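Enquirer: give me a 3D structure for the following:
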Amino acid sequence: MSVAPDLATPEDVIFPPGDLYSDEPPLETDLHRLQMTLLIQCLEWLWQNRNDFYASGNITIYYSPRQRKSEDFRGPDFFVVLGTERKPRKSWVLWEEDGKYPNVIIELLSDSTALTDKGLKKQIYQDTFRTPEYFWFDPHNLEFAGFVLLAGNYQPIEPNSQGWLWSQQLELYLGVDREKLRFFTPEGQLVATPEEVAEQEKQRSDRLAAKLRELGIDPDTIV
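Expert: Numbers count the residues shown, from 1 in each chain. Next comes the predicted model:
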């Protein structure tokens, strides 16, 4: 069932100030908070040399009151906007961002939000936001699904052999690894966090040092 826009004349439209902080409630559990932070960190690390995107989570998206709104609506747990300036924001105010809606949205399900995330929010993202890709993930039971906008309607994204879902917008896979939702490159490599990259480099350095010692070389003497 499509969502009809609320009718309003220009003089009836009142835009809230664009410097408002997010009015989103805190994420429900540590698992939800850590999962959101993980997604943001990994994408920002992978795209550290790019300045044409904005990735955030649990902040409010303000869009025109002439569009369909619900008092139950709150900002996505994680979203990415492409083709925009990479800079900190307190909220995403559509009319100050060239009318850009998110290209990708991920909601983290919970017992209290699952029905809304699968119902009303999905309908808003499809009919009003026209967001090309929408995913949801439950950090507790690991339920994971994704949808792509085709001919105006969300269609399920078919998983690959590993159960991952392809995001054409991000040119990355999304999949569950060690009970966390993670990004994977087209080649199947896990997109690491900065901490994971540092740990991998330390492990490589330790292995090299051990090999040098086996050869009778003190690695501390090598400049």
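Enquirer: following the strand or helix carrying Phe147, which helix or strand comes up?
Expert: Per DSSP states H and E, Phe147 falls inside strand 144-150. Next in sequence after strand 144-150, counting helices and strands by DSSP H and E, comes strand 153-156.
Enquirer: report the mean confidence score over that next one.
Expert: Mean pLDDT, strand 153-156: 98.
Enquirer: how near is the closest residue to Phe53 other than its chain neighbours to Val148?
Expert: Leaving aside its sequence neighbours, Phe53 sits nearest to Leu82 (C-beta to C-beta, 6 or more residues apart in numbering; 5.3 Å). Where C-beta positions appear, they are placed from N, C-alpha and C, glycine not excepted. Taking C-beta to C-beta, to the nearest Å as the measure, Leu82 falls 15 Å from Val148.
Enquirer: ok, back up a step: shouldn't the residue nearest to Phe53 be in contact with Asn51?
Expert: No. Contact between Leu82 and Asn51 fails when scored by C-beta atoms under 8 Å: they sit 11.7 Å apart.
Enquirer: between the two, point out the one with more neighbours.
Expert: For Leu82 versus Asn51, neighbours defined as other C-beta atoms under 10 Å are more numerous around Leu82 (16 against 10).
Enquirer: who's in contact with the more buried one?
Expert: Asp52, Phe53, Asn103, Gln169 (C-beta atoms under 8 Å, 6 or more residues apart in numbering).
Enquirer: those residues: which two are farthest apart?
Expert: Farthest pair in the contacts of Leu82 (C-beta to C-beta) is Asp52 and Gln169. Separation: 12.9 Å.
Enquirer: between the two, who's got more neighbours?
Expert: Comparing Asp52 with Gln169 by other C-beta under 10 Å, the one with more neighbours is Gln169, at 15 against 11.
Enquirer: the more buried one contacts Phe79, doesn't it?
Expert: No. Look at Gln169 against Phe79 with C-beta under 8 Å: they stay out of range, at 11.0 Å.
Enquirer: what does the domain assignment say about the chain?
Expert: As assigned by automatic domain parsing, the chain contains the domains 10-190, 193-223.
Enquirer: fine by me, thanks again.
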